[in-house]
Every structure is written in structure tokens, then in C-alpha cells.
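Engineer: Below is the sequence, then the predicted model.
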Amino acid sequence: MRESIKRIAQQFIVSHFPESDVALLGGSAVYGNVTTESDIDFIIIDETETPRLECFHFLGWKIEAFIYTAFSLELEFQTARYKGMPTILKMCAEGVLIEDKHGDGKKLQREAKELYEQGPQLWDEDRINAARYQITDFLSDFRISEDFEESLFILNKLIHTLTELVLRVDGNWFGEGKWVARNLKSYDKDLSDKLVKYTKEYVKTDDKTELISFIQSTLDRYGGQLFAGYKGFFF
């Protein structure tokens with residue numbers, strides 16, 4: 001991490017969250033792959049603040065501050081494991097401590113690392129069947145759609161749900177945005193490469209045949225298509 005970013009991070013905390021107990025610097029600033037579009041991400045524990053995400057411009061940088069109390073961050077950790085979305089958990093596990101007034105920051109990082117390494121909660125049969133049903137429905141819509149624009153949006157949901165099924169059933173983190181692609185490629189590069197290949201061919205030629213066949217064969221690994229007999233209960 002560039003020392004200049006660390007200094008900016010320290011100045012930001014002093015200026016905007018002087019009462020914070022813990023401040024962690026995360027994201028691209030930690031990994032050293034900062035670009036012109038990068039922002040500086042913070043995890044802040046401050047018992048005087050209301051938990052929220054707040055964005056700033058500070059000394060020429062975009063700042064994203066994820067503000068928690070100790071209790072709300074613990075809830076975030078448990079929610080992350082349930083949803084398979086490790087963004088905050090990963091930032092806490094791998095971040096750089098900028099502020100640690102009472103020594104709680106190191107303990108927090110150890111807990112986050114342990115939970116991250118454990119992975120998300122495994123899906124039960126009901127959640128697997130819900131995904132199978134959704135993919136079956138999206139696949140049917142995609143197969144019969146003759147409108148290219150509509151087909152793209154259907155395909156987006158189809159790929160998203162299929163990828164979530166593949167990752168979550170096998171005990172892997174899912175994620176958001178670029179992390180979905182990265183996590184899938186890390187777990188099963190061959191599947192990821194084929195999904196990208198057949199999607200590119202469809203977009204280029206408007207021929208869905210190979211893409212549909214690939215999605216069906218992938219779904220078969222997890223029980224196949226599901227419609228008749230499926231029950232999804234409302235809460």
C-alpha cells in the first residue's frame with residue numbers, strides 16, 4: 001500500500017470520525033492496484049454514529065465509509081455468511097488498521113479471518129430447489145424469446161442464478177459485481193471459460209443452441225431442471 005494513501009486515510013479519520021474506536025482501510029488501496037477510478041474504502045466502528053454507508057470527496061479521492069457499531073458489524077458478519085456476500089467480512093479480514101484505540105481492531109480482524117476461511121453457510125435442499133426452479137423458469141423464457149434486448153436481460157438473471165447455485169452448493173463465497181466472476185473462475189476455471197465462450201458466441205451470432213445446452217448440462221450436476229412438484233413458501 002502506498003504510504004501517501006495511508007496518510008490520507010489517517011487524515012480522513014481525524015477529520016471526519018474522531019470518535020471512532022476502530023478504522024480499517026480496505027479495497028484496492030490495500031492490494032496496491034489503485035487506478036484513476038479507485039476509491040478508498042473504510043470500515044469504521046464508532047458507537048456515536050448511526051450504521052450506514054456514506055460517501056465523500058476528500059483531498060481529491062473518492063471515499064466510501066462503511067460505518068458500524070460493534071453490534072451492527074457482528075450482525076453484518078452473520079448476514080454475510082447467510083447470503084454468501086463477503087465484501088465487508090473480507091475487508092475486515094484483509095484490511096489495514098488505521099485506528100485501534102482500545103485494541104479491539106486486531107481481535108475483530110482475527111474473527112473476520114476465521115469466518116471468511118470457514119466460508120458461507122451451505123445451502124439446504126429448499127434453497128437448492130428454489131435456484132433450480134428459477135433457472136428452469138429463466139431458461140424457458142430465454143429459449144422462446146425472439147427479442148434480442150429482452151433475451152440479454154433474461155440471460156443476465158440466468159447466469160447470475162446459475163453461478164450462485166454452483167458456488168453456494170459447493171461451499172464457496174458468491175459476491176457482487178466483479179467478484180462473482182473472480183470467485184467462479186477461481187473455483188472452476190473450465191466452467192467459467194466455457195460460460196464466457198458460449199455467451200460471446202451467442203451475442204455475436206444470435207444462436208442460443210450451445211449456450212442453452214451448456215447451461216442445461218451444468219444444471220444437471222445439481223439435480224437438473226425443476227418445475228412440476230416444486231413448492232416455494234411465502235413468508
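Structural biologist: Received the coordinates, thanks.

Engineer: shouldn't Tyr116 be in contact with Leu89?
Structural biologist: Yes - contact criterion Cβ atoms under 8 Å: Tyr116 and Leu89 qualify, at 5.2 Å. Where you see a C-beta, it was placed from the backbone N, CA and C, and this is true even at glycine.

Engineer: These two: who's more crowded?
Structural biologist: Ranked by neighbour count (other Cβ atoms under 10 Å), Tyr116 and Leu89 place Leu89 first, with 24 against 20.

Engineer: gap between the helix or strand the more buried one falls within and the chain center?
Structural biologist: Assigned by DSSP states H and E, Leu89 belongs to helix 87-94. On the basis of Cα atoms, centre = their mean, to the nearest Å, helix 87-94 sits 11 Å off its chain's mean C-alpha point.

Engineer: Stretch 148-162 too?
Structural biologist: Put simply, stretch 148-162 sits 19 Å off its chain's centre (Cα atoms, centre = their mean).

Engineer: And the helices in this structure?
Structural biologist: Using DSSP state H, the helices of the chain run over 3-16, 28-31, 70-83, 87-94, 104-118, 125-144, 148-169, 178-187, 189-205, 209-220.

Engineer: Any chance of a markdown table for the ones you listed, columns distance to Ala228 and mean pLDDT?
Structural biologist: What follows is these, written out as a markdown table (distance: least, Cβ to Cβ, whole Å; pLDDT from 0 to 100):
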| stretch | distance to Ala228 | mean pLDDT |
| --- | --- | --- |
| helix 3-16 | 56 | 90 |
| helix 28-31 | 47 | 67 |
| helix 70-83 | 29 | 97 |
| helix 87-94 | 37 | 94 |
| helix 104-118 | 37 | 96 |
| helix 125-144 | 10 | 97 |
| helix 148-169 | 19 | 97 |
| helix 178-187 | 30 | 95 |
| helix 189-205 | 27 | 97 |
| helix 209-220 | 16 | 98 |
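
Engineer: With distance to Leu226 added, can I get those in a markdown table?
Structural biologist: Shown next, in a markdown table, are the helices of the chain (distance: least, Cβ to Cβ, whole Å):
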| stretch | distance to Leu226 |
| --- | --- |
| helix 3-16 | 48 |
| helix 28-31 | 40 |
| helix 70-83 | 22 |
| helix 87-94 | 30 |
| helix 104-118 | 29 |
| helix 125-144 | 4 |
| helix 148-169 | 11 |
| helix 178-187 | 22 |
| helix 189-205 | 20 |
| helix 209-220 | 9 |
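
Engineer: Tell me which of those helices approaches Ile40 most closely.
Structural biologist: Nearest to Ile40, of all the helices of the chain, is helix 28-31, at 5.3 Å by Cβ to Cβ.

Engineer: Which residues are in contact with the residue nearest in space to the middle of the chain?
Structural biologist: Centroid-nearest residue in the chain: Gly175, 1.8 Å away (criterion: Cα atoms, centre = their mean). Each residue near Gly175 by Cβ atoms under 8 Å, 6 or more residues apart in numbering is listed here: Gly84, Met85, Pro86, Thr87, Arg182, Asn183.

Engineer: Pull out the buried members of those.
Structural biologist: Gly84, Met85, Pro86, Thr87, Asn183 (16 or more other Cβ atoms under 10 Å).

Engineer: so how many other residues sit close to Glu19?
Structural biologist: Neighbour count for Glu19, taken as other Cβ under 10 Å: 10.
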